[in-house]
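# sequence and predicted structure are below.
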Amino acid sequence: MVTSGKDGSAQFAVYLPNASKVELIGDFTEWCERPRTLRRDENGWWRGSESLPTGDYQFCYLVDGVARIPDFAASGICRNQEGGWVSQLRIDAADTKEAAPKKVKRVRTTTRTRRVSA
């Protein structure tokens, strides 16, 4: 499961209670060059977060250094160059600091009704 915050952060969570080690790998980690180790909670969920600029990314979870598992709850999935499944993640400009702040102009209006005698 992946959720993204308004600051461009992406929170990753995967339920693998029998795993000894789970790492996040993707094009933003140069795949296996710089994997991010996720932390396991007492219920078997592995969690971590990444701060990412606006863009489209591919990733998967590396389980116990062997199995590559896609996250079907991400923005989508596709096949990589080797034919394996990877997850897709999109970070929109609206989700990052790069987005222009929205300015809201407040206008106060008053409506008065006059009674006119004939």
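Structure received.
# and the longest strand along the chain, what's buried?
Secondary structure of the chain per DSSP state E: the longest strand is strand 55-63. Neighbour-count burial for strand 55-63, counted by 16 or more other Cβ atoms under 10 Å, picks out 57-63. Quick note: C-beta positions are derived from backbone N, CA and C, even for glycine.
# those: which two are farthest apart?
The two members of these with the most space between them (Cβ to Cβ) are Y57 and V63, at 19.4 Å.
# all strands for the chain, in order.
2-4, 9-15, 22-26, 36-37, 39-40, 45-51, 55-63, 67-69, 76-79, 85-91.
# flag the shaky bits of this protein, pLDDT-wise.
94-118 (pLDDT under 70).
# kindly recompute the last result at 50.
95-111, 113 (pLDDT under 50).
# give me the contacts around stretch 24-35.
Contacts with stretch 24-35, where a contact means Cβ atoms under 8 Å, 6 or more residues apart in numbering, come from 12, 23, 36-38, 48, 50, 52, 57-62, 68, 86, 89.
# same question, stretch 72-88
Against stretch 72-88 from outside (Cβ under 8 Å, 6+ apart): 1-2, 26, 56-60, 68, 70-71, 89-90.
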